[in-house]
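Novice: next one to model:
(one chain, ligands or ions: 2)
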Amino acid sequence: MMLPEHLTVAGGRLHIGGHDTVALADTHGTPLYVTDEDRIRANYRRLEDALTAHYPKVRVLYAAKANGNLAVFRILADLGAGADVFSAGELCLALAAGMQAEKLLFNGSSKSTADLALAVETGVKVSVDSLDELRQLNAAAAAAGKTVRIAFRVNPAIEVPTHPKIATGLATTKFGIPAGQILDAYREALACSNIDPVGVHCHIGSQILEVEPFVREMEVLIDLARDLLALGVTIEFIDIGGGLGVPYHRETDRAPTPQDYAAAVMPVFLAGIRDLGIEPELWVEPGRSLIADSTILLTRVNSVKEAYKTFANVDAGFNLLVRPAMYDSYHAVVAANKADAPAEREYTIAGPICETGDLLAKDRMLPALAAGDLIAVLDTGAYGFAMSSQYNSRPRCAEVIVRGDDAALMRRAEDVDDLTAPMQQPAWQQ
Ligand SMILES: Cc1ncc(COP(=O)(O)O)c(C=O)c1O
Ligand SMILES: N[C@@H](CCCC[NH3+])C(=O)O
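Specialist: Numbers count the residues shown, from 1 in each chain. Ligands and ions are numbered 1, 2, ... in the order given. This is a model prediction of the structure:
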């Protein structure tokens, strides 16, 4: 199997960032997420360099939903990133990690009164998703005697080649304001006492393995910017969102590199802004492409069963990695303690959850497996732990981060007390 540079095999064992996965599993137990900090840093720099080679005023807003561990936020903060935050929790974590409010964009199609108040209080910019939200935000800002800087999220009605559940720019999705209504929205924003429209925002979906949809998206944004200038809007930023895919199938996926992405999108952006005579910041909101491949999920084989297929029953299920069950996603798997051994049997890797769909990987050729063997599920840094749950009353597992020679917990494993701690006993049961 093709492995990225930070995953290596030595002494028959898979290593991540030079750390023996078998030793990590023995020390910290399984299941266990392991993240390589240096990989995140390298991914970030590659993207930033690719974009700034074309234009200096680029701002990377990490899409915090992809991985909400504070240690990950801190890495991105240290690299100079801001964040696309989609909840009050993500906003607070980004601030706690040291990101400045001016580098945060509060996104979301359904913000509560409390969300809007927090946006006003913290001074972040807001991507507004409806006129109703605009009016509520203006009222919240007026009550606080402040002005909020906003963009509207435009729905560009663009088809994208990805799983339908993660295509966000289709005309039929819940996200954004239809292009036909967007100018009226900006007109109303200009008339609001405590709103300052300063940008445009769009995001067409996730795990997109072609550059062409991003080019069309940029064309929509430039056209919109042209109309907005005519309305008198000052455009300080154009935000193209995230969505760049990663090659989960390393052997066959042809994922655009950051350079491919920049080479496709930047000429449209540059020609557009030159034509308009403006020099706005270009914002991008990558999640997956920054962190998916930085992380593996280690899971131990509990038992092997010969049935209509051969199942390797492991200790991690869709409680910890829901992508295969939710989107039929593919994640490569490696027998971490037998990484040199020839693949000789086909296994389906099944989790411990009481659901038929709890399969992490189907029909994979692997070395002969037995109870106690260690499986590594690759490319689980994005939307892995972030989408975990305690379903079946399973405490969530630990997360370890490695950097150079160091390895440390970035989240301890939960235990049964973590299941019961928030629960309350109704008086009539006492
Ligand atoms: C508004 C917004 N920005 C950015 C992202 C990040 O997407 P990705 O992880 O595909 O880069 C998402 C998720 O799809 C999103 O909804
Ligand atoms: N959760 C999705 C990505 C959605 C991105 C957020 N809009 C995934 O795991 O692929």
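
Novice: just give me the neighbour total for Y391.
Specialist: 15 (other CB atoms under 10 Å). For the C-beta atoms, the positions are set from N, CA and C on the backbone; glycine is no exception.

Novice: with adjacent residues omitted, what lies nearest to the most centrally placed residue in the chain?
Specialist: Nearest residue to the geometric centre of the chain (CA atoms, centre = their mean): A66, 2.4 Å. The shortest distance from A66 to any non-neighbouring residue, by CB to CB, 6 or more residues apart in numbering, is to G287 (3.2 Å).

Novice: ok, the closest residue to ligand 2 within the stretch 51-200 of the chain - how many residues close by?
Specialist: When scored by CB to the nearest ligand atom, the stretch 51-200 of the chain has I166 as its residue closest to ligand 2, at 4.4 Å. By the measure other CB under 10 Å, the count of residues near I166 is 17.

Novice: please apply the same query to the one 4 residues further on.
Specialist: For L170, the neighbour count with other CB under 10 Å is 16.

Novice: thought it was touching E159?
Specialist: Yes. Here L170 reaches E159: they are 6.5 Å apart, a contact under CB atoms under 8 Å.

Novice: check contacts around the residue of the stretch 201-350 of the chain found nearest ligand 2.
Specialist: The minimum distance from the stretch 201-350 of the chain to ligand 2, using CB to the nearest ligand atom, falls at S206 (4.0 Å). Contacts for S206 (CB atoms under 8 Å, 6 or more residues apart in numbering) come out as 162, 166, 168, 242-243, 245, 287-288.

Novice: again, only using 10 Å
Specialist: Counting by CB atoms under 10 Å, 6 or more residues apart in numbering, S206 makes contact with 63, 65-66, 160, 162-163, 165-168, 241-245, 287-289, 327, 382-383.

Novice: give me phi/psi at it?
Specialist: phi -130, psi 160 (degrees, to the nearest 10).

Novice: and the pLDDT at it?
Specialist: Model confidence at S206, expressed as pLDDT, equals 93.

Novice: against V85, how distant is it?
Specialist: 16 Å (CB to CB, to the nearest Å).

Novice: can you name the residues bridging to V200?
Specialist: F152, I238 (DSSP bridges).

Novice: contacts only, for it.
Specialist: 127, 151-154, 182, 186, 220-222, 224-225, 227-228, 233, 235-240, 280, 283.

Novice: now swap in E219 and tell me
Specialist: Counting by CB under 10 Å, 6+ apart, E219 has contacts 156, 158, 265, 268-269, 272.

Novice: tell me which helix or strand it sits in.
Specialist: Taking DSSP states H and E as the criterion, E219 maps to helix 212-231.

Novice: can you point out the buried residues in stretch 140-160?
Specialist: 140-142, 147-158, 160 (16 or more other CB atoms under 10 Å).

Novice: is it positioned near ligand 1?
Specialist: No. Stretch 140-160 does not reach ligand 1 (CB under 6 Å from any ligand atom); its nearest approach is 7.4 Å.

Novice: first to last residue in that stretch, what's the distance?
Specialist: With CA to CA, to the nearest Å as the measure, stretch 140-160 spans 36 Å from end to end.

Novice: what mean pLDDT does that stretch get?
Specialist: 94.

Novice: and stretch 380-388, by the same measure?
Specialist: For stretch 380-388, the mean confidence score works out to 98.

Novice: and it, which residues are buried?
Specialist: Buried, per 16+ other CB under 10 Å, within stretch 380-388: 380-388.

Novice: try stretch 38-47
Specialist: 38-44, 47.
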